[in-house]
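Engineer: Structure of the sequence below:
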Amino acid sequence: MARFKPIHKGLKLLPVDFDRKILAGSFEYALCQRDARKLARLQKEASQLRDWLHHHPEDRQGSKKGSVRLSNRTDNESAKMATGKGVVQGYTGVATVDERNQIIVDAQAHGTGSEQELLLPVIDATAAYRTTDTIITADAGYHSHANLKELEARQINAYIPDNGYRKRDDKYAGQDKHTIKPDPLWNKKAAIQKPACFKPSDFQLAADHSHCICPAGKRLYSNGSNCTNNGYVAMKFSGAKQDCVPCQRRQECLRKPETTPTRQVSFFQGKRDERENHIDRMKVKIDSAIGRQMITRRFATVEPVFGNLRGNKRLHRFTLRGKSKVDGQWKLYCLMHNIEKLTHHGYAQ
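Structural biologist: Numbering: from 1, shown residues only. As a prediction, the model looks like this:
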């Protein structure tokens with residue numbers, strides 16, 4: 001029987017790890033290519049952003065009053081909003097809840113950080129659900145002269161507190177001492193009280209209202225005799241640098257003597273335009289027994305709903321872009337709350 005001998009002539013055996021080296025080299029090359037493409041994309045986006053800011057310098061102002069709020073390359077319907085964690089770009093979700101069943105009757109999402117602009121759209125959207133006996137309550141963020149004026153014009157019974165209503169309520173007396181506690185292990189020693197500055201009553205107003213005299217005997221000159229300060233008519237006076245800067249009583253007169261050059265003082269003369277003072281009328285309603293009861297009932301009606309959505313359901317972030325999409329997502333969140341409420345009340349059985 002014939003035997004065949006394998007032929008190995010001219011055949012060179014390759015190292016075992018040769019293929020691995022080739023694969024490793026191609027993989028590293030692919031990674032380098034991917035990083036290069038990513039770097040080029042980021043550089044292009046950065047260049048476009050710098051070009052945008054160069055032609056729109058006012059957009060750098062963040063969320064300051066009067067600045068541009070709707071300015072974003074990827075979602076121009078979102079707004080710059082000031083929060084406890086800084087300025088964020090996003091939307092505000094608003095929900096209107098009935099007191100009896102805690103059912104959300106209206107939900108809206110807007111690209112604005114000002115709640116004052118959202119009250120009237122909510123009033124319009126809930127017109128079909130209201131009767132003459134319906135009472136509207138809202139938090140202090142919706143309080144403004146324009147909103148209160150419009151509510152009175154529409155004859156809508158509403159209770160919207162101002163930012164200072166707690167200071168007028170005896171139940172909150174002494175709460176300021178808790179705001180200075182940095183942590184549970186805070187130093188409980190009494191803080192050293194800084195001497196109070198001179199009050200307007202310490203200044204002597206001239207009979208002709210042309211000037212006033214400070215406790216150091218220096219003259220403060222008028223810089224406005226018919227000014228408006230929080231709805232009050234006021235006369236303003238300001239000291240001269242040549243008198244205030246070298247004064248030995250700066251520590252008693254100025255809160256920040258190291259940065260404030262001169263002292264200013266105002267003398268109030270009374271309310272301005274009392275016939276159209278809707279804010280004062282709302283303060284009277286809020287400070288009444290019924291008004292304080294309405295504030296408490298609002299806490300128990302609306303806040304648990306947001307606690308359920310944000311705390312229990314973890315629905316505290318929008319994942320879409322564009323007002324219509326975000327508004328739909330917010331309505332879906334609120335719909336989940338309503339379905340859960342209906343289920344717990346036995347409507348699903």
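Engineer: Could you check the pLDDT of K171?
Structural biologist: Note on K171: pLDDT of 78.
Engineer: What backbone torsions are found at G239?
Structural biologist: Main-chain torsions, G239, degrees, to the nearest 10: phi -80, psi 160.
Engineer: any idea which helix or strand carries the nearest residue to it once chain neighbours are set aside?
Structural biologist: Leaving aside its chain neighbours, G239 sits nearest to T262 (4.3 Å; criterion: CB to CB, 6 or more residues apart in numbering). C-beta: built from backbone N, CA, C; applies to glycine. Assigned by DSSP states H and E, T262 belongs to no helix or strand.
Engineer: quick one, what contacts T262?
Structural biologist: Counting by CB atoms under 8 Å, 6 or more residues apart in numbering, T262 touches S238, G239, A240, K241, C244, V245.
Engineer: Type out the PyMOL command that picks the buried ones from these.
Structural biologist: Of the contacts of T262, the buried ones can be selected in PyMOL as follows, counting by 16 or more other CB atoms under 10 Å:
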select buried, resi 239+244
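Engineer: before we move on, back to that, can you give me phi and psi for the residue nearest to G239?
Structural biologist: phi -130, psi 160.
Engineer: A107: neighbouring residues, count only.
Structural biologist: Each residue near A107 was counted by other CB atoms under 10 Å, and the total is 22.
Engineer: what helix or strand is it on?
Structural biologist: A107 belongs to strand 104-110, assigned by DSSP H and E.
Engineer: Just the CA trace of that strand, in CSV.
Structural biologist: As requested, the backbone C-alpha atoms of strand 104-110 are provided in CSV (Å, rounded to 0.1, in the frame of the first residue of the first chain):
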residue,chain,number,x,y,z
ILE,A,104,-56.1,66.5,39.6
VAL,A,105,-58.6,68.4,37.5
ASP,A,106,-56.1,70.3,35.4
ALA,A,107,-52.4,69.9,34.6
GLN,A,108,-50.1,72.2,32.6
ALA,A,109,-46.4,72.5,31.9
HIS,A,110,-44.9,75.8,30.9
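Engineer: Now the following helix or strand past it: buried residues?
Structural biologist: Using DSSP H and E, the helix or strand that directly follows strand 104-110 along the chain is helix 119-125. Of the residues in helix 119-125, L119, V122, I123 count as buried by neighbour count, 16+ other CB under 10 Å.
Engineer: between those residues, which is nearest G322?
Structural biologist: In terms of CB to CB, no member of these lies closer to G322 than V122, at 21.1 Å.
Engineer: ok, now which ones touch T92?
Structural biologist: T92 touches A79, M81, A109, H110, G111, T112, G113, E115, L118, counting by CB under 8 Å, 6+ apart.
Engineer: For it, grab phi and psi.
Structural biologist: Dihedral angles for T92 - degrees, to the nearest 10 - are phi -110, psi 130.
Engineer: Excluding residues flanking it in the chain, which one is nearest T112?
Structural biologist: Looking at T112 with CB to CB, 6+ apart, the closest residue is A79, at 5.1 Å.
Engineer: Name the residues linked to the one you found by a beta bridge.
Structural biologist: G90 (DSSP bridges).
Engineer: G111 is in contact with that one, correct?
Structural biologist: Yes - under the contact definition of CB atoms under 8 Å, A79 touches G111, with a separation of 4.2 Å.
Engineer: residues near the nearest residue to N308 once chain neighbours are set aside, how many?
Structural biologist: Closest residue in space to N308, ignoring its immediate chain neighbours: H337 at 5.9 Å, by CB to CB, 6+ apart. H337 has 22 neighbours, counted by other CB under 10 Å.
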